[in-house]
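A.B. asks: Build me a structure from this.
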Amino acid sequence: MEHNLDSIDKKILGELQKEGRLTNQELSDRVSLSPSPCLRRVRVLEQKGIITGYHAHVDQDKCGLPVNVFVLVKLEKPTEDNMVKFETLIDQMDEVLECFLMTGTHDYLLHVVSESLKTYERFIRRELTRLPNIAAIESSFAFGQVKKRSRLPI
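C.D. replies: Sure thing, here's the model as predicted:
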C-alpha cells in the first residue's frame with residue numbers, strides 16, 4: 001500500500017525519528033506549521049499506520065546483552081503451514097530481535113542477542129533446535145557494530 005507523503009509529512013516523520021519525545025509545539029516549530037494542523041497530521045500518520053509507535057533506544061551492552069548473532073535457518077519443508085508455525089514460535093522468543101523471510105538457500109535470517117557464547121549455546125540447544133521442521137541452522141557472530149540506524153531515509 002502506497003502512501004502519498006507530502007513535504008510536511010516527511011519533515012514531521014524526519015523530526016519524530018530524530019526525537020520521538022518532542023512536544024507538539026516543538027514539532028510544529030521545527031516543521032513551520034501551527035500546532036493544531038501539526039497535531040492533526042501526526043494523528044493521521046498514526047491512524048494510517050505510518051507511525052507505528054514510539055520507543056526508547058536502549059544500549060544493549062549496558063543491559064548485559066553484548067553478543068549479536070545472525071542465524072540462517074532452513075526448514076525441512078517450507079510449506080505455508082510449517083512457516084506459520086515457525087514464525088509463531090520465533091515470535092515468542094525474546095532473544096530474537098528480528099526475523100526475516102529470505103530468498104535463496106535459507107528460509108529465515110534471525111538477529112539474536114545474548115549475554116555470552118554460553119547463553120547463546122543454551123538458546124540453540126534448548127529452544128531453536130527444538131522447533132519442528134528445522135533442517136539447518138548456521139550462526140554468524142558479529143565482532144562489532146559498524147553502523148546502526150533506526151531512521152528511514154524519508
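A.B. asks: In a strand, Asn68, correct?
C.D. replies: Yes - Asn68 sits within a strand when classified using DSSP: H, G, I helix; E, B strand; the rest coil.
A.B. asks: Please identify which helix or strand holds the residue nearest the centre of the chain.
C.D. replies: When Cα atoms, centre = their mean is applied to the chain, the residue found nearest the centroid is Glu98 (5.3 Å). Using DSSP states H and E, Glu98 maps to strand 96-101.
A.B. asks: Please name the residues that touch the residue lying closest to the residue nearest to the centre of the chain once chain neighbours are set aside.
C.D. replies: Distances taken as Cβ to Cβ, 6 or more residues apart in numbering put His111 closest to Glu98, at 4.1 Å, once the chain neighbours are dropped. Every residue, glycine included, has its C-beta placed from N, CA and C. Going by Cβ atoms under 8 Å, 6 or more residues apart in numbering, His111 touches 68-71, 96-99.
A.B. asks: got the buried residues for stretch 36-52?
C.D. replies: Buried residues in stretch 36-52, defined by neighbour count with 16 or more other Cβ atoms under 10 Å: 38, 41-42, 45, 51.
A.B. asks: thinking again about what came up before, name the next helix or strand downstream of the strand holding Glu98, please.
C.D. replies: Following strand 96-101 in sequence, per DSSP H and E, is strand 108-114.
A.B. asks: for that following strand, which positions count as buried?
C.D. replies: 108-110, 112-114.
A.B. asks: Stretch 18-29 now?
C.D. replies: 22, 27-28.
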